[in-house]
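Peer 1: only geometry, no sequence info:
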């Protein structure tokens, strides 16, 4: 991964809705139906019916995971120089 690619990923993360994101389980069976942040800003609708909540949980976690991964890549690159 080039420095330019890492910067592009970081810019997309910085432009995304403020973190942290979480899955909201709604409805009578508690299906994952949307992702929002702590300020109640709706990020995405993720209704999955009877399927596992894996996609919704992945999307919600990605908001903070990506930022942490970028920081780790930069830390490792700085140590290698």
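Peer 2: Noted; the coordinates are in hand. For clarity, every value in this text was computed on a predicted model and none was experimentally measured. Residues are numbered from 1 along each chain as shown.
Peer 1: from here on, contacts and neighbour counts on C-alpha atoms
Peer 2: Noted.
Peer 1: can you list the strands that whatever helix or strand residue 36 lives in pairs with?
Peer 2: Residue 36 belongs to strand 31-37 when elements are defined using DSSP states H and E. Strand pairing for strand 31-37, determined by DSSP bridges: strand 21-26 (antiparallel), strand 42-45 (antiparallel).
Peer 1: most tightly surrounded among these?
Peer 2: Neighbour counts (mean count of other Cα atoms under 10 Å) averaged over each of the strands paired with strand 31-37 peak at strand 21-26, with a mean of 19.
Peer 1: any idea of the mean pLDDT in that strand?
Peer 2: For strand 21-26, the mean per-residue pLDDT is 91.
Peer 1: for that strand, the distance to its chain's centre please.
Peer 2: In terms of Cα atoms, centre = their mean, to the nearest Å, the centre of strand 21-26 is found 12 Å from the chain centre.
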